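Enquirer: sequence first, predicted coordinates after that:
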Amino acid sequence: MAKTLSHSSDEELLRLMLAGDGDAFEALYDRRQGGVYRFALRMSGSAEIAEDVTHDVFIALMRDGRQFDPARGSVASYLYGIARHRTLKRLQRERSFVSMSEDGEDGGGGFDEKLVAEGDPFADLTRSETIDLVRQAILALPEHYREVVALCSLGELSYEQAASVIGCPVGTVRSRLNRAREILVRKLSAVKGPTAKSAPNSAMAAR
Amino acid sequence: MFCRDFEKIAGDLAAGRLMEAGKRERALRHASECSACALWLNAERTVEAGLRALTEGAEEGKAPPHLKLALRAAFDRQVKAAPVPIPAPARSRNLTRWRLAAAALILFAVAVALLQGAAPPNSKRDLSGGGSPAPREQSPQRINEPDKQEQKIETNVAKVMSTNRHTRRPATTSDNVARNDETVTDYIPLTYLADATAVESGTVLRVELPPSALIAVGLPAPVERSDSRVKADVVVGDDGVARAVRFVRQDSVRR
């Protein structure tokens, strides 16, 4: 039975789950909880919020799973959509995630000097430090940039799926992702000197 | 290479994506000469490495195990509290809706047909208004031809009368059965009840009435035997109210 469930599609597992099959629920949870949890964690920076959101997502699936419409997207998109809604709601209420100062949307200023790496970044920063720096930089992104990074760059969704979750055109996802990455790089490339705080093409455009 | 050209390929360079060897060499040479672009490239590499590490990072990628246990317990509670039916696959929802609508339509049509067959409008009107109350009495030609259903009713009447001997004036059982030697009138309504309250089931009682009963319903009384009693069949509803009456004359007593 477990083998059968492991090969079942998300839609089939959801159908069985709604019929009262606890094993199907567990199979669907095992398959999707990681992505949901990671998305909430990277959006909030809080394991507590991520756990709460994951809990809420699957409770909502139990209660309102019949509202799932395959014509509107996959089960994964449906779950991420619930997770996104819950996470943003929670963030609006608590604002408990770690914040980094930023200058406007680009957030080019105020970044810690330790982010400036000379040469190979792994020569100066340990792996965990690098991860932590990137994580902090992602958390400092505006929410509409952060969510596309969490869904596409860090998550497992395609641009199309992310567009379904967010409710925007695919092109918007693509452009937001490019812009988010540029912001991340700009943050991490911040240097002591004022000239290095901007992108190379703006600082030395005619070089 | 200009800085803006370098920025366009810095991401690919940091990610180690395939590119033309000469282009790659020119970009790296530019980065070695331009500190800003070198920083930019390093930042790209940091972002790339960080995103990859975060993606691969299993230590933070799962919800705690107790959450699964709690959710499973909640699921079991919900199933016990409200057993859920197996939903139809969403793909066939529209088809199911059409089937349900068609089934409802058929059921409605069958119900209407049954209602019309069980309680013909004429019978109710006949009992509460003018005319004969029972469908079998509609045709004048059948007045003198009691059918099987009528005989069944008459038998039922006999039973009722046998249990109500003290309150009614029964005739003998043999008299209660309509016979071919009897001539009966149409049923004459005794009430002005609306169709909604018209009798749908009841009992026909064979009784003997004084001739004045004929006058009461507008029929001429037999003057030759004013002291005799006339036989009549009274339709009594389940509520005990007499709804209609017909008079019976045995051919043997015709003069």
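Expert: Done, it's in. Numbering: from 1, shown residues only, chains lettered A, B, ... in the order given.
Enquirer: can you list the domains in chain B?
Expert: B:1-82, B:122-253 (automatic domain parsing).
Enquirer: least reliable of those domains going by mean pLDDT?
Expert: Of all those, the minimum mean pLDDT falls on domain B:122-253 (a mean of 60).
Enquirer: secondary structure class of the closest residue to chain B within chain A, three-state.
Expert: Proximity of chain A to chain B (C-beta to the nearest C-beta) peaks at A:V134, 2.5 Å away. (Each C-beta comes from the backbone N, C-alpha and C, glycine too.) Here A:V134 is recorded as helix under DSSP: H, G, I helix; E, B strand; the rest coil.
Enquirer: list the contacts of it.
Expert: A:L184, A:L188, B:T46, B:V47, B:A49, B:G50, B:L51, B:A53, B:L54 (C-beta atoms under 8 Å, 6 or more residues apart in numbering or on different chains).
Enquirer: in CSV: those residues, plus distance to B:A82 and neighbour count.
Expert: Output for the contacts of A:V134, formatted as CSV (distance: C-beta to C-beta, whole Å; neighbours: other C-beta atoms under 10 Å in any protein chain shown):
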residue, distance to B:A82, neighbour count
A:L184, 47, 27
A:L188, 52, 25
B:T46, 52, 29
B:V47, 49, 31
B:A49, 50, 21
B:G50, 46, 26
B:L51, 44, 20
B:A53, 45, 16
B:L54, 40, 23
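Enquirer: does chain A sit close to the host helix or strand of B:A111?
Expert: Under the criterion of DSSP states H and E, B:A111 resides in helix B:93-118. No: between helix B:93-118 and chain A, judged by C-beta under 8 Å from any C-beta of the partner chain, nothing touches; the nearest distance is 9.2 Å.
Enquirer: let me see the mean pLDDT of that helix.
Expert: On average, helix B:93-118 scores 72.
Enquirer: helix, strand or coil for A:L88?
Expert: helix.
Enquirer: so what's it up against?
Expert: Applying C-beta under 8 Å, 6+ apart, the residues near A:L88 are A:M43, A:E143.
Enquirer: number of nearby residues for A:S77?
Expert: Counted with other C-beta atoms under 10 Å in any protein chain shown, residues neighbouring A:S77 total 22.
Enquirer: how near is the closest residue to it other than its chain neighbours to A:S158?
Expert: In space, and not counting its chain neighbours, A:S77 is closest to A:S164: 4.6 Å by C-beta to C-beta, 6 or more residues apart in numbering or on different chains. Remark: distance between A:S164 and A:S158 (C-beta to C-beta, to the nearest Å) = 9 Å.
Enquirer: just B:E208 next, same as before
Expert: B:E208 sits 95 Å away from A:S158, going by C-beta to C-beta.
Enquirer: in chain B, what residue lies closest to chain A?
Expert: B:G50 (2.5 Å).
Enquirer: any idea which residue sits dead centre in chain A?
Expert: The centroid of chain A falls nearest to A:A150 when counting by C-alpha atoms, centre = their mean (1.6 Å).
Enquirer: contact partners for it?
Expert: A:R38, A:F39, A:R42, A:M43, A:I138.
Enquirer: neighbour-wise, which one of those residues leads?
Expert: A:M43 leads the contacts of A:A150 on contacts (other C-beta under 10 Å) with 29 neighbours.
Enquirer: quick one: average pLDDT of the longest helix along chain A?
Expert: Looking across chain A with DSSP state H, the single longest helix is helix A:22-44. Helix A:22-44 shows a mean pLDDT of 91.
Enquirer: run the contact check for that helix versus chain B.
Expert: Yes: Helix A:22-44 lies within reach of chain B by C-beta under 8 Å from any C-beta, at A:G22, A:F25, A:E26, A:Y29, A:D30, A:Q33, A:G34, A:V36, A:Y37, A:R38, A:L41, A:R42.
Enquirer: can you give me the helices for chain B?
Expert: Using DSSP H, helices in chain B cover B:3-15, B:21-33, B:35-56, B:65-81, B:93-118, B:121-128, B:148-163, B:173-176, B:212-216.
Enquirer: any idea which of those helices is most buried?
Expert: helix B:35-56 (a mean of 22; mean count of other C-beta atoms under 10 Å in any protein chain shown).
Enquirer: what angle do that one and helix B:3-15 make?
Expert: 30 degrees (axes from the mean of the first three to the mean of the last three C-alpha atoms, to 10 degrees).
Enquirer: what helices and strands are in contact with helix B:35-56?
Expert: helix A:121-124, helix A:127-139, helix A:170-188, helix A:200-203, helix B:3-15, helix B:21-33 (3 or more C-beta pairs under 8 Å, 6 or more residues apart in numbering or on different chains; DSSP states H and E).
Enquirer: what do you get if the cut-off is 10 Å, keeping everything else the same?
Expert: Under the contact criterion of 3 or more C-beta pairs under 10 Å, 6 or more residues apart in numbering or on different chains; DSSP states H and E, helix B:35-56 touches helix A:22-44, helix A:121-124, helix A:127-139, helix A:170-188, helix A:200-203, helix B:3-15, helix B:21-33.
Enquirer: ok so, going back, can you give me the buried ones in the longest helix of chain A?
Expert: Neighbour-count burial for helix A:22-44, counted by 16 or more other C-beta atoms under 10 Å in any protein chain shown, picks out A:24-29, A:31-44.
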